[in-house]
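Q: Please find the sequence and the predicted model below.
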Amino acid sequence: MAEPALELSDIAFQWPGEGGFALHVRKLRVPAGEKVLLLGASGSGKSTLLSLIGGILNPRDGSVRVAGTTLSDLSIRHRDRFRAETIGIIFQQFNLLPYASVADNIALPLRFAPARRARTGNIAASIDRLCNGLCLPKGIETQTAGLLSVGQQQRVAVARALIGTPPLVLADEPTSALDTRSQAQFLDLLFQQVASAGSALLMVSHEEGLAPSFDRVVHLDEVIGKQEAR
Ligand SMILES: Nc1ncnc2c1ncn2[C@@H]1O[C@H](COP(=O)(O)OP(=O)(O)OP(=O)(O)O)[C@@H](O)[C@H]1O
């Protein structure tokens with residue numbers, strides 16, 4: 001059995017300063033290959049939690065295990081490398097490099113992740129496969145990312161997260177700018193790519209309507225504090 005993609009145990013975190021927002025997560029587990037929607041209202045701590053999972057923030061207590069490795073066992077340098085190797089991230093604002101080509105944007109995580117690069121094999125062929133799978137127009141690889149439509153940028157951000165088949169993909173409200181029909185189309189494409197990469201997906205959102213598409217839904221207010229998610 002593959003290691004779970006993600007296991008959080010007894011996480012405690014507080015933003016600095018008096019009365020800084022505090023987050024306690026007793027347990028959250030995402031098995032390999034599962035698609036989980038984490039629902040929470042605005043300001044409930046979804047982005048903070050994603051930063052803890054990505055090792056960008058450190059919990060005061062508790063452990064974050066990604067694909068069998070406990071992040072706090074790694075030095076900061078090794079944690080950055082580990083994140084690039086094992087986690088694909090789709091940011092809310094996509095965070096593409098606007099002056100770089102689509103191909104350079106998609107290949108970016110591989111620069112810092114030799115094992116992920118090795119898994120990718122032929123990088124150009126992999127970019128081509130991802131762009132086709134995400135219904136991006138032929139020849140888009142050479143275009144400048146900042147000149148793409150928002151929908152195209154979003155799909156390029158998915159390709160960047162999925163290249164080299166990371167075991168865990170994190171997505172921070174990637175559908176918030178879309179109408180219901182475009183959301184459904186986007187999720188279909190995202191799920192197809194996640195399935196073909198064999199990655200687990202943890203997507204955070206405040207939109208209850210997305211729930212039926214996922215294997216499991218976790219409400220952030222149920223994992224915070226005393227209750228256990230599963
Ligand atoms: N850099 C920071 N320094 C101090 N407090 C912060 C920082 N970033 C976020 N917070 C606080 O943490 C709390 C949770 O914010 P967070 O962005 O994690 O919520 P969210 O659920 O992702 O919200 P949204 O859905 O609106 O993006 C808020 O009270 C916010 O003010």
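A: Ah, there it is. Numbers count the residues shown, from 1 in each chain.
Q: Alpha carbons of stretch 184-194, as CSV, please.
A: Taking C-alpha atoms only, stretch 184-194 is exported to CSV below (Å, rounded to 0.1, in the frame of the first residue of the first chain):
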residue,chain,number,x,y,z
ALA,A,184,-17.5,21.9,-13.8
GLN,A,185,-15.4,21.8,-17.1
PHE,A,186,-12.3,22.9,-15.2
LEU,A,187,-12.7,20.3,-12.5
ASP,A,188,-13.3,17.5,-15.1
LEU,A,189,-10.0,18.4,-16.8
LEU,A,190,-8.2,18.7,-13.5
PHE,A,191,-9.5,15.4,-12.2
GLN,A,192,-8.5,13.6,-15.5
GLN,A,193,-4.9,14.9,-15.1
VAL,A,194,-4.8,14.1,-11.4
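Q: List the buried residues of stretch 18-38.
A: Residues of stretch 18-38 classed as buried by neighbour count (16 or more other CB atoms under 10 Å): 23-26, 28-38. Where you see a C-beta, it was placed from the backbone N, CA and C, and this is true even at glycine.
Q: cool, and stretch 174-185?
A: Using 16+ other CB under 10 Å as the test for burial, stretch 174-185 gives 174, 175, 178, 183.
Q: ditto for stretch 6-13
A: Those would be 6, 7, 8, 9, 11, 13, for stretch 6-13 by 16+ other CB under 10 Å.
Q: Just want the phi and psi numbers for the third one.
A: Residue 8 has phi and psi values of phi -110, psi 130 when expressed as degrees, to the nearest 10.
Q: how about the nearest residue to it, chain neighbours excluded?
A: Sequence neighbours aside, residue 28 is the residue nearest to residue 8 in space, at 4.3 Å (criterion: CB to CB, 6 or more residues apart in numbering).
Q: Give me the helices and strands touching whatever helix or strand the one you found lives in, please.
A: Residue 28 is located in strand 22-30, with elements delineated by DSSP states H and E. Applying 3 or more CB pairs under 8 Å, 6 or more residues apart in numbering; DSSP states H and E, we find strand 22-30 packed against strand 6-14, helix 46-53, helix 220-223.
Q: and that strand, how far out from the chain's middle?
A: Distance of strand 22-30 from the chain centroid (CA atoms, centre = their mean, to the nearest Å) equals 17 Å.
Q: which outside residues touch that strand?
A: By CB atoms under 8 Å, 6 or more residues apart in numbering, the residues outside strand 22-30 that reach it are 4-15, 36, 45, 48-49, 52, 62, 168, 200, 202, 218, 223-230.
Q: Skip ahead from it and say which helix or strand is next.
A: That would be, after strand 22-30 and using DSSP H and E, strand 35-39.
Q: tell me the centre residue of this protein?
A: residue 170 (1.4 Å; CA atoms, centre = their mean).
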